[in-house]
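turn this into a structure:
(chains A, B, C and D)
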There are 2 protein chains.
Amino acid sequence: MTKMQPRTLKTRARLLEAAQQIIAEVGYEGLRTQEVVKRAGVAKGTFFAHFHDKDALMEILIGAEMDAFLDRAENAPTPDSVDALLDLIMPLLDFMRCERYVFDVILRHSGAAAKDNIGPIALAFARQDEVFSKILENAPFRKDISAGLLGEGIQAFAIQALALDFCTINNEMPLPERLSVYLDAWLLPKG
Amino acid sequence: MTKMQPRTLKTRARLLEAAQQIIAEVGYEGLRTQEVVKRAGVAKGTFFAHFHDKDALMEILIGAEMDAFLDRAENAPTPDSVDALLDLIMPLLDFMRCERYVFDVILRHSGAAAKDNIGPIALAFARQDEVFSKILENAPFRKDISAGLLGEGIQAFAIQALALDFCTINNEMPLPERLSVYLDAWLLPKG
DNA sequence: TCCATTTATTGACCATGGTCATTTTATATG
DNA sequence: CATATAAAATGACCATGGTCAATAAATGGA
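Okay, the predicted model is just below:
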């Protein structure tokens, strides 16, 4: 590892705290780097010495939030139905749709970045795969495909349902209802 | 409708042509509004009088491209297998992954915009639903769910496969192969 | 043809994310 | 402690998308 002075950690912590404070006040989309550095009491350039760009900061904060939801899901009892599965993941999806901007950031980073460093959001998705796999192994769903593939499908349909949820034309149907149609067809095919 | 002078159409056409020319040279991501207006011989403000923002221009160009692929798919013979279906949609997916930026724009606008005006990309997705529905009605896939739902699933899995394709970690598997795993499980469940 | 009104265009200006040469601060070494 | 070297912070500066009051051009009517 590279060397790092204690002061570096302090500055970074101040930047993160300032960012969280701002988000609490005006939301993710309303965050301005200028306001972050102002509250953290550092110069503009310092921000970019700590985070590659604004998106990188967002990734850290959003990824952490997603991780917290996965913690809870991991320690929940195995769902015995599609509805129970929905209850398990809705808190995470509610966060993912709290702002259009948040959803966009998540989409942009759900795969690893183009570079070799894999970001917090991509990590959260990878972890979601693991958590789902473990959960789905003992759940009463189709058994002709692996739990891993089952989980990937849930992810795909969740994204689809979220995207449509943001759409003015299609949002007369509540998210859980829409997703439940998808998951019924995916997890319990009758054909 | 609002009135519109002939000159408006001319200016708009010049802007679009300039944009297309630039994209042919440096790609979608490399397009700068400044260069567009320069080549079109108009002022900066004129651009934004014709397009709400840069994304709106991109939507028009990308949506048109997607539409062209749907035209071709619509007039193709009914696919008799997952592989045949893949052959049908791969050209569209190849376009969608030609640039990371293009994929991001598509994702951002795959649902209608927050406003009441539904954009070209959202329209293309809606049309894709229709085209798929018609195609899938007579295809030898599962019959326990509607052709429309079948199509929505294909869309969801295509997006998922594309997102993973951009991911450095996961892209050792070619897109068609990855997608074929998804579609087998979705269209021809054995459970 | 002349004027009034609507429509289109202009370009200086702004907001904001991001860069980088320079300066300051910390740390190691004799 | 003094000095050299590495790490961190600075802030003037840039690039680019986007705004808007002012201006020009087209259109319809008397």
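
give me the most central residue, chain A.
residue A:66 (4.3 Å; CA atoms, centre = their mean).

nearest residue to that residue other than its sequence neighbours?
What sits nearest to residue A:66 in space, not counting adjacent residues and going by CB to CB, 6 or more residues apart in numbering or on different chains, is residue A:124, at 4.1 Å. (Each C-beta comes from the backbone N, C-alpha and C, glycine too.)

quick one: which helix or strand includes that neighbour?
helix A:120-137 (DSSP states H and E).

please apply the same query to residue A:17.
Per DSSP H and E: helix A:6-26 holds residue A:17.

contact partners of that helix?
A:30-32, A:35-37, A:39-42, A:46-47, A:50-51, A:57, A:60-61 (CB atoms under 8 Å, 6 or more residues apart in numbering or on different chains).

then that helix to PDB, C-alphas only?
Taking Å, rounded to 0.1, in the frame of the first residue of the first chain, the C-alpha atoms of helix A:6-26 are listed here in PDB:
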ATOM      1  CA  PRO A   6      -3.300  10.700   9.400                       C
ATOM      2  CA  ARG A   7      -4.400  14.000   8.200                       C
ATOM      3  CA  THR A   8      -5.500  12.400   4.900                       C
ATOM      4  CA  LEU A   9      -8.000  10.300   6.700                       C
ATOM      5  CA  LYS A  10      -9.300  13.300   8.600                       C
ATOM      6  CA  THR A  11      -9.800  15.300   5.500                       C
ATOM      7  CA  ARG A  12     -11.500  12.500   3.800                       C
ATOM      8  CA  ALA A  13     -13.800  12.000   6.700                       C
ATOM      9  CA  ARG A  14     -14.600  15.700   6.800                       C
ATOM     10  CA  LEU A  15     -15.500  15.600   3.100                       C
ATOM     11  CA  LEU A  16     -17.700  12.600   3.500                       C
ATOM     12  CA  GLU A  17     -19.500  14.000   6.500                       C
ATOM     13  CA  ALA A  18     -20.100  17.300   4.700                       C
ATOM     14  CA  ALA A  19     -21.500  15.400   1.800                       C
ATOM     15  CA  GLN A  20     -23.800  13.300   3.900                       C
ATOM     16  CA  GLN A  21     -25.000  16.400   5.700                       C
ATOM     17  CA  ILE A  22     -25.800  18.200   2.400                       C
ATOM     18  CA  ILE A  23     -27.600  15.100   1.000                       C
ATOM     19  CA  ALA A  24     -29.700  15.000   4.100                       C
ATOM     20  CA  GLU A  25     -30.700  18.600   3.500                       C
ATOM     21  CA  VAL A  26     -31.100  18.800  -0.300                       C
END
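
tell me the buried residues in the lowest-mean-pLDDT helix or strand in chain A?
For chain A, counting by mean pLDDT, DSSP states H and E, helix A:120-137 ranks last in confidence among helices and strands (a mean of 93). Residues A:120-129, A:131-133, A:135-136 are the ones in helix A:120-137 that count as buried (16 or more other CB atoms under 10 Å in any protein chain shown).

hmm, who's touching it?
In contact with helix A:120-137 (CB under 8 Å, 6+ apart) are residues A:59-60, A:62-64, A:66-67, A:70, A:73-74, A:78-79, A:85, A:88, A:105-106, A:109-113, A:118, A:146-148, A:150-152, A:154-155, B:167, B:169.

are any of the residues you listed buried, and if so which?
A:59-60, A:62-63, A:66, A:70, A:73, A:79, A:85, A:88, A:105-106, A:109-113, A:118, A:147, A:150-152, A:154-155, B:167.
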